[in-house]
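Chemist: Build me a model from this:
(chains A, B and C)
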Amino acid sequence: MSLTDPDRLFPVEPTVRKIARDLYESVAALPIISPHGHCDPSWFANNARFPDPAQLIVVPDHYVFRMLVSQGVPMASLGVPRVDGGAVEADPRKIWHCFAQNYHLLRGTPSAMWLDHSFEHVFGIDERLNVDTADSYYNHIDAQLATDAYRPRALFDRFGIEVLATTESALDDLKWHKMTADSDWNGRVVTTYRPDNVVDPEFEGFADNVVQFGALTGEDTTSWDGYLRAHRARRAFFKTHGATATDHGHATARTKDMPQADAAALFAKALAGTCTADEADAFRGQMLTEMARMSLDDGMVLQIHPGSFRNHSAGTFAQFGRDKGFDIPTQTNYVQALKPLLDAVGMEPSLTIIIFTLDETSYSRELAPLAGAYPALRLGPPWWFHDSYEGIKRFREATTETAGFYNTVGFNDDTRAFCSIPARHDVARRSDCAYLANLVATGRIGLTDAQEVAIDLAYRLAKSAYKL
Amino acid sequence: MSLTDPDRLFPVEPTVRKIARDLYESVAALPIISPHGHCDPSWFANNARFPDPAQLIVVPDHYVFRMLVSQGVPMASLGVPRVDGGAVEADPRKIWHCFAQNYHLLRGTPSAMWLDHSFEHVFGIDERLNVDTADSYYNHIDAQLATDAYRPRALFDRFGIEVLATTESALDDLKWHKMTADSDWNGRVVTTYRPDNVVDPEFEGFADNVVQFGALTGEDTTSWDGYLRAHRARRAFFKTHGATATDHGHATARTKDMPQADAAALFAKALAGTCTADEADAFRGQMLTEMARMSLDDGMVLQIHPGSFRNHSAGTFAQFGRDKGFDIPTQTNYVQALKPLLDAVGMEPSLTIIIFTLDETSYSRELAPLAGAYPALRLGPPWWFHDSYEGIKRFREATTETAGFYNTVGFNDDTRAFCSIPARHDVARRSDCAYLANLVATGRIGLTDAQEVAIDLAYRLAKSAYKL
Amino acid sequence: MSLTDPDRLFPVEPTVRKIARDLYESVAALPIISPHGHCDPSWFANNARFPDPAQLIVVPDHYVFRMLVSQGVPMASLGVPRVDGGAVEADPRKIWHCFAQNYHLLRGTPSAMWLDHSFEHVFGIDERLNVDTADSYYNHIDAQLATDAYRPRALFDRFGIEVLATTESALDDLKWHKMTADSDWNGRVVTTYRPDNVVDPEFEGFADNVVQFGALTGEDTTSWDGYLRAHRARRAFFKTHGATATDHGHATARTKDMPQADAAALFAKALAGTCTADEADAFRGQMLTEMARMSLDDGMVLQIHPGSFRNHSAGTFAQFGRDKGFDIPTQTNYVQALKPLLDAVGMEPSLTIIIFTLDETSYSRELAPLAGAYPALRLGPPWWFHDSYEGIKRFREATTETAGFYNTVGFNDDTRAFCSIPARHDVARRSDCAYLANLVATGRIGLTDAQEVAIDLAYRLAKSAYKL
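Modeler: Numbering: from 1, shown residues only, chains lettered A, B, ... in the order given. Coordinates of the predicted model:
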């Protein structure tokens, strides 16, 4: 028996399935380019064994545990740590049992497909996870994790990862990246400059962060000019640790391009903690344009991830903190929001701005037309909830006719679930090949062109867009 | 000849069609759970014959007559009663002819599929309705309606309805439910508590309704506390007539959780008729949270049906009143709107809030992520215009990957067209099986799991979510 | 070899493909009704040869050149004229080479399908365009353009166009239409009344335009009544040149129906240039209702094309002017926006208002329910970015179940790319037949009905809705 169907995600009509399978076979073994994600860089620096199946697969993955929570399983019984350090379930086998007992809740979700793929292809399991198989699963995985073949570096190599980007705060010392680079291992792990904590006036501890930012760079970050110089300095530092991109997660896609004196005044208010919510949003928007101008100089790719209402449940945030499955997409406007940025730098062919969205209504209405016109703008792949077979299908169907393939940038796994990386890229490659096969079968693209595009989507576009 | 294709709505590729057909055959004969709808409870109390084909099928069904109106047929010529009692077409055969002559306007709509299903499976007709067959249709149906086998209770039994919920205003005396319950018939018809006319300050006669509400319950409904006690009393009364749920139809999904003193002050303004439009909306929003708190005590399920712009045509409303096909969906925000309610009670696993939408853009962006996190929240099935093959397909494709199947609640027919009930459940069962068959054929769910889910969607989820 | 697949756009499952092909064959050769578009009427008046391949196919088509621009090709190197008359590429062969070299950027877009269709069926080419074939393409097409068979009138006849509507400003003298009508050629080219430049207070030169409007009509257009009479006069003039419709392109779908005295006062502000942005929008909205009232008298169809954010890139607009691929769709509300207009005239069965959208989210949520109720309202076909296989599929799937087929109006090619007209109608006919074939195969419509609907969608509905 097998947990995964070898023809999964391919179109069902036999001749189209054949086209999809052939396309897929030409890209299945290509190296993985992972240009944006949230793996922990200490894994590759220390190369320590992963602790246990629950800590590897359940506890850190809010895609998984929030589904159990949504059906009444208490978060604490899944071992999710409390902010106050209060007691939560500490026995990984109990957590695993709870997970196994509720595994049916994930039916039809990409998480189930990623998990089954990992179980079969990473851990060699061929029976379905349920309450009866929970123990044998646990024992089997736990035993493997104790072996060298299942340490982070070995898995990285086995997964065929050519390069993997992590994401670090502007204040990070990047010691893990240095340690990895200095080691005798050849795996390429690069960082990404994520300055939200020194850019967002509403971030916890913003003013203190900016002080620390000044200390790290030797710049006077109480002044606007010094603050901008500090960014330039940190960007240069991140580049020495492989960074080719910056990343920005704002509540809206708003951008601004105000006169420098106004920006300086707003920065002063931000430091003083006297910004209104609207001014804080304007400041974040101004900083996107500033970052884009720095990118014109240092060549770093600008990624914008807007539109998530973070920590929607006040009670859950108070008890368990950030990233607990309660981040909800909101309607996001791009047409008016991006205009200041695009008027400033959008026609620059040497610049790459990659825009993401959690609001699928913007694909055909806003983002494809914008990316199909501005030289600097590219569309990021389907993000978060939309990183799935149906999500990828909707993305391609809604964007290709207006923006084509070459204003998109391949796939991002965007994950902290290391073992799911091959599964996620596999789903993306299969989904894209399924889409292409349908185009071929309906005479919308020639087979030779499709073969070239399949490789572009699976490998080349991510590599070139992110300059990796 | 047959009016309906036995393989209708199944995927076209033969092997997938076979999977869908097999799944469907396992659920086709399951009893019907109808947990939300608008049938007239007097039908089952009196068990009188339905008057004639036009009064049964055309005149009360705004899905049908608005389509003819949209092409220039005057509403009066379809027998729709005027508010002022002015003359409208009174000859049911003439109405039926007009309907038959324009039946082609319904091509490709779910109404056509439901009607053809009823004509064939309820009335045993096998020729298509058109101007030539109008009379034979009329004669045949009219003759059958005169027989005992076509009285409401007989049809209810023949349709295989296990339980059917109607919807009554908070001021209703529920005499028809009592009469049905006291009869020797075993059919289970339950009520639902729908308090819009005493909750919405903008409802016609709100203040008078609240006075009557006090009289019915013996509470002083001029005070906020008395008003809340009156609700508790009526909910208990509705429960004695089988109610397991309340239902709320507001223009927006806004909720509030203001301090009780503020709520009391707002209630006083509402009674005085001095609320602004915004305050009226806030009051309705507050009442959703109050209702949820009462549900925590009495176990009733809370249904929210927001986002319909009622009576869009001022002229039609003035001449013909409510429910005449001029209710238009509007864009509806859930993320900010539901936060007060969800912060108050959303993490309660014992509570069930079922949220509906007429705005399909909220499926993947807002509702699936919310329902995939909060224990109290479930997604109602595709509502109204979206209760159709394509609507169900879009719903499943947009929600399953994020919310799974178990944060949904099966099917609601939500109809006042009694003879369409089997047809509507049949369309839902076929559409869900078609969706599941595609998942199986593309390796996204195992066949055994799909078989279980098919039964969940057709029967078990509605029964458990509504505690029926 | 062939550039186009004879079965392109048909469903892939063989039995459904057969149904689609049969339906298509019954409509493929029907005459083309082109009731809305932007062809240059001087082509048919002068019947001069088209200058060269680049000027025919690349330079005027913003669908095509903006895609190259989006990937960094400078607009000037594609020969697009500058506003200031500055130098741009003038060698058509160089422009053609640049186009050929970047032709892969259009993979998967409708432009590629339209172009390949023209290359094969208009010019008889059977090899794919790329850098190697660029010269042979250029030479071949250029040689053909020099022949009489490729002059505008000959192509018009060969394309099987029964009637083609162009679009002219309210100030146009329609001399080309007169010249064409007075010629010995029988082709039917009609105009359309597009008064944006005398209706929109924000249009460049609005006040001067209104003065000229008065001069043309002999009315005192400084007064509201005179201004309205001038519109009536120009509409009558346009009718004598074949016009059966008016067209209005506003930034929003807002309508107003204010008292005439208020409208007169607002008009005075508009002339004085003292309108706020909101008042300008209100004035445009008022004029839609005024136009509808005139339509009640003169029978002209009212088309509304709202929701495009024109000239999004300030720099591109300054350098190259309007219509350069930087028009971006915006979210558009119809429910509240159209209410004043619909309350005024929406129930009139003798009036036809055709509403378009660039916001696909409005299809199922707003437009289908509105068109499925109001007798005066019809849905225009998928517009601009959505005039494509996927766009047509989404339109039919989202609107048919609620509005049926008969509240839609067939196809508009809406193009200034003359040679693409047969290709665009072909794509629409194939896409609609594909949709219908799926309905037949899934039992949602009978084959006989589908055969009738196919002809309605390809020919009859456009002809009747536009009274052509």
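
Chemist: Surely residue A:396 and residue A:433 touch.
Modeler: No: Residue A:396 is beyond contact range of residue A:433, at 11.0 Å (criterion: Cβ atoms under 8 Å). Heads up, the C-betas are built off the backbone N, CA and C, glycines and all.

Chemist: Looking at the two, which one has more neighbours?
Modeler: Using other Cβ atoms under 10 Å in any protein chain shown as the criterion, residue A:396 and residue A:433 rank with residue A:433 on top: 28 against 25.

Chemist: Please verify my assumption that that one contacts residue A:16.
Modeler: No: here residue A:433 does not reach residue A:16: they are 10.7 Å apart, not a contact under Cβ under 8 Å.

Chemist: coming back round to it: residues that sit against both of residue A:396 and residue A:433, list them.
Modeler: Here residue A:396 and residue A:433 share no contacting residue, scored by Cβ atoms under 8 Å, 6 or more residues apart in numbering or on different chains.

Chemist: hey, what's in contact with both of residue A:433 and residue A:16?
Modeler: Shared contacts of residue A:433 and residue A:16, counting by Cβ under 8 Å, 6+ apart, come down to residue A:10.

Chemist: Now do the same contact list for the residue in the stretch 51-200 of chain A positioned nearest to chain C.
Modeler: Distances between the stretch 51-200 of chain A and chain C by Cβ to the nearest Cβ are smallest at residue A:108, namely 21.4 Å. Neighbour list for residue A:108: B:400, B:401, B:404, B:405, B:439, B:444, B:445, B:453 [criterion: Cβ under 8 Å, 6+ apart].

Chemist: export those to TSV and tack on secondary structure?
Modeler: Shown next, in TSV, are the contacts of residue A:108 (DSSP: H, G, I helix; E, B strand; the rest coil):
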residue	secondary structure
B:400	helix
B:401	helix
B:404	coil
B:405	coil
B:439	helix
B:444	coil
B:445	coil
B:453	helix
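
Chemist: ok, which stretches of chain A are strands?
Modeler: Along chain A, the stretches classed as strands by DSSP state E are A:32-34, A:161-165, A:168-169, A:189-190, A:193-194, A:245-248, A:301-304, A:308-309, A:328-329, A:353-355, A:377-379.

Chemist: and those as CSV, adding mean pLDDT, mean neighbour count and distance to chain B?
Modeler: As requested, the strands of chain A are exported to CSV (pLDDT from 0 to 100; neighbours: other Cβ atoms under 10 Å in any protein chain shown; distance: least, Cβ to the nearest Cβ, whole Å):
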stretch, mean pLDDT, mean neighbour count, distance to chain B
strand A:32-34, 98, 25, 21
strand A:161-165, 98, 21, 25
strand A:168-169, 98, 18, 25
strand A:189-190, 98, 24, 30
strand A:193-194, 98, 26, 23
strand A:245-248, 98, 23, 21
strand A:301-304, 98, 25, 18
strand A:308-309, 97, 19, 5
strand A:328-329, 98, 27, 5
strand A:353-355, 98, 24, 16
strand A:377-379, 98, 24, 17
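
Chemist: Need the ones you listed in JSON lines (columns: distance to residue C:168).
Modeler: Formatted as JSON lines, the strands of chain A follow (distance: least, Cβ to Cβ, whole Å):
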{"stretch": "strand A:32-34", "distance to residue C:168": "53"}
{"stretch": "strand A:161-165", "distance to residue C:168": "55"}
{"stretch": "strand A:168-169", "distance to residue C:168": "59"}
{"stretch": "strand A:189-190", "distance to residue C:168": "58"}
{"stretch": "strand A:193-194", "distance to residue C:168": "54"}
{"stretch": "strand A:245-248", "distance to residue C:168": "47"}
{"stretch": "strand A:301-304", "distance to residue C:168": "42"}
{"stretch": "strand A:308-309", "distance to residue C:168": "48"}
{"stretch": "strand A:328-329", "distance to residue C:168": "45"}
{"stretch": "strand A:353-355", "distance to residue C:168": "38"}
{"stretch": "strand A:377-379", "distance to residue C:168": "35"}
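
Chemist: do you know which of the ones you listed lies nearest residue B:248?
Modeler: strand A:328-329 (21.7 Å; Cβ to Cβ).

Chemist: partners of that closest one, with directions?
Modeler: strand A:308-309 (antiparallel) (DSSP bridges).

Chemist: Other residues contacting the strand it pairs with?
Modeler: Contacts of strand A:308-309 (Cβ under 8 Å, 6+ apart): A:249, A:251, A:327, A:328, A:329, A:330, A:358, A:384, B:335, B:336.

Chemist: returning to what we had before: look at the residue of the stretch 51-200 of chain A closest to chain C and report its pLDDT.
Modeler: Listed pLDDT for residue A:108 reads 98.

Chemist: Nearest residue to it in space, please, no chain neighbours.
Modeler: Using Cβ to Cβ, 6 or more residues apart in numbering or on different chains and skipping residues adjacent in sequence, the residue nearest residue A:108 is residue B:400, 4.4 Å away.

Chemist: My guess is that neighbour contacts residue A:109. True?
Modeler: Yes: between residue B:400 and residue A:109 there is a contact under Cβ under 8 Å: 7.0 Å.

Chemist: which non-adjacent residue is nearest residue A:207?
Modeler: residue A:271 (5.4 Å).

Chemist: Repeat that for residue A:260.
Modeler: Closest to residue A:260 by Cβ to Cβ, 6+ apart is residue A:224, at 7.2 Å.

Chemist: what number of residues lie near the one you found?
Modeler: Residues near residue A:224, counting by other Cβ under 10 Å: 18.

Chemist: Distance check, it against residue A:358.
Modeler: Separation of residue A:224 from residue A:358 (Cβ to Cβ, to the nearest Å) stands at 31 Å.
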